[in-house]
Every structure is written in structure tokens, then in C-alpha cells.
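# Sharing a model that was predicted from the sequence below.
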Amino acid sequence: MSPTTIFAPASTAAAEIFGLSTLVLAVTAGIFLCVGALLVYAIVAFRKRPNDDDSEPAQVYGSNQVEIAWTVIPILIVVALFLASARVITGVQNADRPASTIEVIAIGHQFWWEYRYPALGVVTANELHVPVSDPARPTPTFITLLSADTDHSFWIPRLGGKTDLIPNQVNRTWIDPCEVGLYLGQCAQYCGTQHAKMLLRVYVDSRDVFDSWVRQQREPARQQADVAEGKQLFLRTACINCHAVSGTAATGQFGPDLTHLMSRDTIAAGISPNTVENLRAWIRDPESIKPGSRMPAMKMTDHELDSVTAYLATLR
């Protein structure tokens, strides 16, 4: 099964959309079969036979009953599909917000995702963590969608429909995953050269695991004496103009927050596994991993590169 299939919904909104899609597919398939059957019948029943003469067949000039049928039936079908669509759209857009709701602000950048949990004091990037939602005690996650530059689109097929992020406009969506696991998505609106590599990863955790993750993300960056050289190099370069590390002078907002960089499974918005080797290669030459990336190559010596990588590898 594809990780981005729409045929295995794992949240209320996705299940509603899947149900509507199935209804529309069934109705249109029925129409296709009826029209196809009538065409086949006409071809077979009224084909020219060897004993037919060349005279013009009897002409029938309309039928009130047939004309009423092919007018009324399509109208009823359209009305039924309209009402079904309106019910799903209204239900998804006007969902209740229980007291246990998790609020997240998702900001689309070229070409990565920023996630802020205002009530929890957490800022992270590219990997969204949410608690599983028990139908008996729902814990939905409501997401406010903002764009830092151009149009983007937030889409995790198994968890909900596609919602666009438009500059200077606030859009919203929500998910309430009912199964623990990793759900993949994609920016579904062309946003530049690296649009195809602006991936989404949503980790649905049990409540205990989610609470543990929040506690870890709230902690300041670890300070280790054995990587002091790398830390000073990091703070002296242009890195701090784009990235933030809590508890240090690095307060940049243009790139991802690196306070807990190594707690993430991937780098470069889901493109590469987050290993020390890949991290070093990313710092040395981002273009080699993600052509068109907005992150510049830092032009460091091998020793400087090793020192900065060693420091960043401690940020968990």
C-alpha cells in the first residue's frame, strides 16, 4: 500500500472525503455503464443485416417520456451529489474543538515546513508530531496554515484533504489520526524549483510518547565542552542569520530551528536520513543533496566542517 494513498483513511476528515469520493465514483460508474450498455444495444439491435433493403427506416420524432426522464434524472443526480458534498464540506470545515485540542501553526517556506505549538512552547521543522485521537476522547490537532513566501499546499492523503497556504491569508485545517504511525505527505502546490522535494512527515504518537517528545523539545540546547570549538565556529558564521538554537546567540528565523536537530529522522525536508555523514555533506554542499536549496555552501575547511558537524550532532 502506498504511504500516500487516499484509499486507507486514518482520520475523520480523510474518511469523510473517502466516502464522498466513493459515492461519486459509484454514481459516475453507474452512468458510464448505463450509457455504454445503451450504446452496445443500439449497435447490436439496429445494425444493418444482409436481408435489409436500402429504404429509410421508420423515423421517430421525439418522446416526451424519454425527454422528461433524461432531464429529471440528471438533475436529481446533481442535487444528490451537491447535498452529499455540502454535508462533507460543512462537517469538515465546522468541526468542534474540544478542550483537549492541540493547536499548531504550520508555516510553509521555500522549501521546508516550520511547526509552532504556541500553547506548548515548542518550535520544530519538517516533522510534525501529534497525539493519536481516541474516538471516545477525541484529541484533534487544529493547524493554522501560513506562508512565508509563495503558495504552498498542506496535504497528507491518509489524514485529510489538501489545503493551500497563501501569502497574507490565514487558512486552517485539522486532523484527528486514529492510528499510531508515520504518515507521509507532500506540498501539493507548485512553489519553485524544489517543490517536489518539500515533503511532509507526520508522526502520530501515543499520548505518553507525545508528552515525552514535548518535554524534550522544551529543553534548551545541550552544552558540551568537547564541541566548544564547533559551537564557536557556528556562532561566528552566517549560520546564525538563518537558524536558531535556544540558549545561544543564534536567533535566525529564515531557516529551521536547530535546537533539537538530531531528534529528527531526516534533514532537507525529508530528503535524506539524518545521519552525521549526511549532515556533514549537507553543510558542505547543500546543492549536492537538494539542488535549488536556499541554503548556501559555507566554504569551510575540512577541520571546520568536522567541528561544526560535531557540535550540531549534539543538538538532540
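Now that the structure is in, tell me what you want to look at. Numbering: from 1, shown residues only.
# give me the low-pLDDT residue ranges for the stretch 1-150 of the chain?
Low-confidence segments of the stretch 1-150 of the chain (pLDDT under 70): 1.
# Kindly recompute the last result at 80.
1-3, 52-58, 60, 62 (pLDDT under 80).
# isn't residue 154 right up against residue 104?
No: using CB atoms under 8 Å, residue 154 makes no contact with residue 104, being 10.7 Å away. C-beta here means a position set from N, CA and C on the backbone, and glycine is covered the same way.
# anything in contact with each of the two?
residue 143 (CB atoms under 8 Å, 6 or more residues apart in numbering).
# Look up phi and psi at residue 113.
Backbone geometry at residue 113, expressed as degrees, to the nearest 10, gives phi -120, psi 140.
# Can you show me the helices along the protein?
Using DSSP state H, the helices assigned to the chain run over residues 12-45, 64-93, 207-218, 228-236, 239-242, 276-284, 286-289, 302-312.
# Which residue ranges of the stretch 101-250 of the chain form strands?
When assigned using DSSP state E, counting those that start in this stretch, the strands of the stretch 101-250 of the chain occupy the ranges 102-109, 112-117, 122-125, 127-131, 141-147, 152-154, 163-165, 171-175, 181-186, 199-205.
# How about the contacts made by residue 18?
Neighbouring residues of residue 18 by CB under 8 Å, 6+ apart: 6, 7, 9.
# what's the closest non-adjacent residue to residue 147?
Computed as CB to CB, 6 or more residues apart in numbering, the closest residue to residue 147 that is not its neighbour in sequence is residue 165, at 4.1 Å.
# so how far is residue 199 from that neighbour?
Residue 165 sits at a distance of 15 Å from residue 199 (criterion: CB to CB, to the nearest Å).
# cool, and residue 145?
Counting by CB to CB, the gap from residue 145 to residue 199 is 16 Å.
# Check residue 57 too.
From residue 57 to residue 199 the distance is 62 Å (CB to CB).
# What of residue 159?
The gap separating residue 159 from residue 199 is 14 Å, by CB to CB.
# out of the two, which sits in the busier spot?
Higher neighbour count among residue 159 and residue 199: residue 159, with 25 against 19, using other CB atoms under 10 Å.
# quick one on the thing from earlier: let me have the contacts of residue 18 in a markdown table, adding distance to residue 139 and neighbour count as columns.
Converted to a markdown table, those look like this (distance: CB to CB, whole Å; neighbours: other CB atoms under 10 Å):
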| residue | distance to residue 139 | neighbour count |
| --- | --- | --- |
| 6 | 23 | 13 |
| 7 | 25 | 11 |
| 9 | 18 | 21 |
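# how about those in a markdown table, adding distance to residue 75?
Output for these, formatted as a markdown table (distance: CB to CB, whole Å):
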| residue | distance to residue 75 |
| --- | --- |
| 6 | 29 |
| 7 | 31 |
| 9 | 31 |
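# Kindly state the pLDDT recorded for the most centrally placed residue in the chain?
The residue lying closest to the centre of the chain (CA atoms, centre = their mean) is residue 155, at 2.8 Å. Reading off the confidence values, residue 155 has pLDDT 94.
# who are the neighbours in contact with it?
Here residue 155 is in contact with 161, 162, 163, 185, 186, 187, 188, 200 (CB under 8 Å, 6+ apart).
# returning to what we had before: okay, the strands of the stretch 101-250 of the chain, which one's buried deepest?
strand 152-154 (a mean of 26; mean count of other CB atoms under 10 Å).
# tell me which strands and helices it is in contact with?
strand 102-109, strand 163-165 (3 or more CB pairs under 8 Å, 6 or more residues apart in numbering; DSSP states H and E).
# again, only using 6 Å
Identification of packing neighbours for strand 152-154 by 3 or more CB pairs under 6 Å, 6 or more residues apart in numbering; DSSP states H and E yields strand 163-165.
# Not counting the strand it packs on itself, show me its contacts.
Residues outside strand 163-165 that contact it (CB atoms under 6 Å, 6 or more residues apart in numbering): 108, 145, 147, 152, 153, 154, 171, 173, 189.
# For the fourth one, name its beta-bridge partners.
Under the criterion DSSP bridges, residue 152 forms beta bridges with residue 165.
# I'd like the distance between it and residue 164.
From residue 152 to residue 164 the distance is 7 Å (CB to CB).
# Please apply the same query to residue 209.
Applying CB to CB to residue 209 and residue 164 gives a distance of 31 Å.
# What of residue 196?
Separation of residue 196 from residue 164 (CB to CB) stands at 17 Å.
# so what's in contact with residue 152 and residue 164 at the same time?
By CB under 6 Å, 6+ apart, the residues touching both residue 152 and residue 164 are residue 189.
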